[in-house]
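Q: How does the following fold in three dimensions:
(one chain, ligands or ions: 1)
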Amino acid sequence: MSFPTVRPRRLRRTPAIRSLVRETTLAPGNLVLPLFFSARIDSPKPIGTMPGIFQLPVHAAAEHARMAQSLGLGGVILFGLPATKDANGSGACDPEGPVPRAIAAMKDAAPELVVMADVCVDEYTDHGHCGILRPNARGELEVDNDATLEVLARASLVYARAGADVIAPSDMMDGRVGAIREALDEEGYTQTAILSYAVKYASAYYGPFRDAADCAPQFGDRAGYQMDPGNAREALREARLDEEEGADMLMVKPALAYLDILARLREATTLPLGAYNVSGEYAMIKAAAAAGMLDEKRATIELLTSIRRAGADFILTYHANDVAKLLG
Ligand code: PBG
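A: Got it, this is the predicted structure:
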């Protein structure tokens, strides 16, 4: 059967009919808000490259937790800016650091809110890399995978003890999901979930975040541990390995330039799937809207819907509060 008997426009006639047959929905519960807590400030500090986003002092945590809960967000994910940095990123394991203190305050203020802790040492190392450096055979400094696992596991325990519901390693070391799962279970944190940044590409779209979290590498780049943007099969392999090591949820990052990867992963795993709508994606929308080139609200909803349509159950996004308010 075809035209004129078949007319797809019948189902586009009114808002109610369109709503009835809509395949992909977007709700506040699908959104996770990233928050930056700094030990170095006493009042919120705007992030120049991310209009509307602030570094926050730890004492603002309770208020932000209550706001996220009342907006019905799916959760929050915390990043930290420590008072001091060193070569080994030891601040990542400090129980008095900004992240564990903020986790505790948020769980006190809004016990129902899902609180996730990003686990990586790049915000805590003076060189800005996501691991411990060791000279290789030619004397050049390289990120030592296995030495880094130990720090990641210790940091995860600190966040679990503070009350984090979900531990989210973003470092891309091999074997970290297994190392973190083992450390958590050994101490009885069998119910603390792991959201693995399983598929994380070496991306230019992290630029504004490195400003926000003050974690740009001081030399070289992250291509030795983050994935090559040209690779898709490797994404399936990374996801499978993390699933075997015990990840409860998987994530693809960035989102927009990798919707094909999300769609393929959706077919390949039964685990819940997240996508990180990263800082550069946020900055593009904000810059275009500020220049009068785009309708910010419509463009944002369309982009987030496309990430859900590609296969993401939830989206980490700096638009979370604004969009949750829009969706009401
Ligand atoms: C690493 C980390 C990064 C982001 C989240 N975790 C930066 C990086 O890998 O360079 C980027 C998030 C964003 O751009 O919004 N700890």
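Q: residues contacting Arg134?
A: Neighbour list for Arg134: 141-142, 144, 147 [criterion: C-beta atoms under 8 Å, 6 or more residues apart in numbering]. The C-beta positions use only the backbone N, C-alpha and C, and glycine is treated the same way.
Q: In helices, which of the residues you listed appear?
A: The members of the contacts of Arg134 that map onto helices under DSSP state H are Ala147.
Q: among the contacts of Arg134, who's most crowded?
A: Counting neighbours by other C-beta atoms under 10 Å, Glu142 leads these with 17 neighbours.
Q: For that residue, give the beta-bridge partners.
A: Counting by DSSP bridges, Glu142 forms beta bridges with Arg134.
Q: got the residues of the stretch 201-328 of the chain near the ligand?
A: Taking C-beta under 6 Å from any ligand atom as the criterion, the neighbours of the ligand within the stretch 201-328 of the chain are 206, 209-210, 222, 278-279.
Q: Report the two members of those separated by the largest distance.
A: Comparing every pair within those by C-beta to C-beta identifies Arg222 and Ser279 as the most remote, at 14.5 Å.
Q: If you count surrounding residues, which of these two has more?
A: Ser279 (25 against 21).
Q: the bottom helix or strand of the chain by mean pLDDT?
A: helix 207-212 (a mean of 91; mean pLDDT, DSSP states H and E).
Q: Can you report how many residues lie near Asp86?
A: 12.
Q: now swap in Lys325 and tell me
A: 10.
Q: again with Ser306
A: 16.
Q: mind checking how far it is from Met284?
A: 14 Å (C-beta to C-beta, to the nearest Å).
Q: same thing with Lys85?
A: Lys85 is 29 Å from Met284, by C-beta to C-beta.
Q: of these two, who's got more company?
A: Shown here are Lys85 and Met284; by other C-beta under 10 Å, Lys85 has more neighbours (21 against 16).
Q: In space, what's closest to that one - neighbours in sequence excluded?
A: Among residues not flanking Lys85 along the chain, Asp126 sits closest, at 4.3 Å (C-beta to C-beta, 6 or more residues apart in numbering).
Q: what are the phi and psi angles of that neighbour?
A: Torsion angles at Asp126 (phi, psi; degrees, to the nearest 10) stand at phi -70, psi -20.
Q: What pLDDT is listed against it?
A: Here the pLDDT value assigned to Asp126 is 95.
Q: Touching, it and Asn88? I think so.
A: No: between Asp126 and Asn88 there is no contact, the gap being 9.4 Å when judged by C-beta atoms under 8 Å.
Q: Name the residue in the two with the higher neighbour count.
A: Asn88 (18 against 12).
Q: Show me which positions of the helix or strand following the least confident helix or strand of the chain end up buried.
A: Following helix 207-212 in sequence order, the next helix or strand is helix 233-244 (DSSP states H and E). Burial within helix 233-244, assessed by neighbour count using 16 or more other C-beta atoms under 10 Å, is assigned to 235-236, 238-239, 241-243.
Q: Same question for stretch 172-180.
A: Result for stretch 172-180 [16+ other C-beta under 10 Å]: buried residues 172-173, 176-180.
Q: Can you tell me what sits against stretch 47-61?
A: Under C-beta under 8 Å, 6+ apart, the answer for stretch 47-61 is 35-39, 41-46, 64, 81, 98, 101-102, 105-106, 109, 207-209, 211-212, 279, 282-283, 286, 290, 318, 322.
Q: which one is Gln69 nearest to, not counting chain neighbours?
A: Ala110 (4.0 Å).
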